[in-house]
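A.B. asks: Give me a model of this one.
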Amino acid sequence: MLIKRIVSKNVISVSVPGNRYTALDLMKKENVSVVPVTKGDTKKVVGILTRSDLINNPDEEQIALLMSRDLITAKVDDEVSVVAKKMLDNNIRRVPVVNDDDELVGIVTSFDLVTQALAKLDINIPVEKYMLTTVPTTWDEAPLNVAFESMKFFGLKSVLALNSNCKLTGILTETDFIAESEIISERTEHSSTVGTEGDKWSWDSTSILYIEKNRLKFTDKLVKDVAVREVATANSKTKVSDCAKHMKQENIEQIPVTDVDGEILGLVRASDLMEALLEEE
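C.D. replies: Numbering: from 1, shown residues only. Okay, here's the model as predicted:
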């Protein structure tokens, strides 16, 4: 299968020069987590900007300094397996599709590859081979900032919510956190006293340094107020193809894996299942 059969051509993009607020507003409005960056009024792709870039760098405002310049791209006539390997080798989930002049024509994601290609195959391998077994969890009564820090610590894009009985009650993604946050600026004052050594009659002078720093501030809601409550799950023996079909049906990029008693065993993402796509080639 060629990429041109599954590429999303109605792609949202931003351009440089530009600022984080324009990009963030666009991501929220269009409900996307990544946007290709083009140069000025042209369609030439010069970078890619993700929600993580915006969240992890609250002090930076210019898109040119936030975006990734180590650009991995694809062409419409590339094989699906070739693009899947690019994603796995570079640990990315989305690749801009360009023409011979490096002009943007679309975008393809790990979700596209899994739901449009993998879901059509009959792969009986159980998802336990590809699932993550170390995943972030949080109490569903916890504040959002606590849940966010847990997710960041694991370097993932989602966190699982548990009730007081340690049962799965929901899932939050970066998109959920962004919708409940804003960038605020805080000013701190640092002072130090300096006197003239050996001169008991000299006046001490005070030096004051003001530091302004941006940070992400969340609403006062709890995890249970924001988390997606109806969570699609799989078990460790669920077939890869069935899991891919489930992702397509529910329009989701990750599925928690549980045992028969509902205990969490892990998490499987579209990007994890791409490995099965390559093994099938």
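A.B. asks: which residues of this protein score low on pLDDT?
C.D. replies: 185-214, 280-281 (pLDDT under 70).
A.B. asks: What segments of it are helices?
C.D. replies: Along the chain, counting by DSSP state H, helices occupy 20-30, 51-56, 63-66, 80-90, 110-116, 144-154, 174-179, 223-226, 240-250, 270-280.
A.B. asks: Could you export those as CSV, including distance to Leu160 and mean neighbour count?
C.D. replies: Placement of C-beta: from N, CA and C, glycine included. Output for the helices of the chain, formatted as CSV (distance: least, Cβ to Cβ, whole Å; neighbours: other Cβ atoms under 10 Å):
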stretch, distance to Leu160, mean neighbour count
helix 20-30, 23, 15
helix 51-56, 19, 18
helix 63-66, 28, 18
helix 80-90, 24, 18
helix 110-116, 19, 23
helix 144-154, 10, 18
helix 174-179, 12, 18
helix 223-226, 10, 18
helix 240-250, 16, 20
helix 270-280, 16, 20
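A.B. asks: Generate TSV for the ones you listed, with distance to Ser8 as supplementary columns.
C.D. replies: Listed next are these as TSV, based on distance: least, Cβ to Cβ, whole Å:
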stretch	distance to Ser8
helix 20-30	12
helix 51-56	17
helix 63-66	21
helix 80-90	13
helix 110-116	7
helix 144-154	26
helix 174-179	17
helix 223-226	27
helix 240-250	14
helix 270-280	14
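A.B. asks: wait, which of these is closest to Met131?
C.D. replies: Between Met131 and the helices of the chain, the tightest spacing by Cβ to Cβ is seen for helix 270-280, at 6.6 Å.
A.B. asks: on that earlier part again, ok, which of the helices of the chain comes nearest Ile72?
C.D. replies: helix 80-90 (5.2 Å).
A.B. asks: tell me which strands and helices that closest one is in contact with?
C.D. replies: With contacts defined as 3 or more Cβ pairs under 8 Å, 6 or more residues apart in numbering; DSSP states H and E, the packing partners of helix 80-90 are strand 94-98, helix 110-116, helix 270-280.
A.B. asks: which outside residues touch that helix?
C.D. replies: Outside helix 80-90, the residues that touch it by Cβ atoms under 8 Å, 6 or more residues apart in numbering are 1-3, 6, 72, 74, 92-93, 95, 108, 110, 113, 117, 271, 274-275, 277-278, 281.
A.B. asks: got it, and stretch 21-30?
C.D. replies: Contacts for stretch 21-30 (Cβ under 8 Å, 6+ apart): 12, 14, 32-33, 35, 49, 51, 54, 61, 63, 66, 178-179.
A.B. asks: which one of those is nearest Glu128?
C.D. replies: Nearest to Glu128 among the contacts of stretch 21-30, counting by Cβ to Cβ, is Ser33 at 26.8 Å.
A.B. asks: ok, the closest one - how many residues close by?
C.D. replies: As a burial measure, Ser33 scores 19 neighbours (other Cβ atoms under 10 Å).
A.B. asks: got a list of what the residue nearest to it when sequence neighbours are not counted touches?
C.D. replies: Nearest in space to Ser33, with sequence neighbours left out and distances taken as Cβ to Cβ, 6 or more residues apart in numbering, is Arg51 at 4.8 Å. Residues in contact with Arg51, defined by Cβ under 8 Å, 6+ apart, are Met27, Ser33, Val34, Glu174, Thr175, Ile178.
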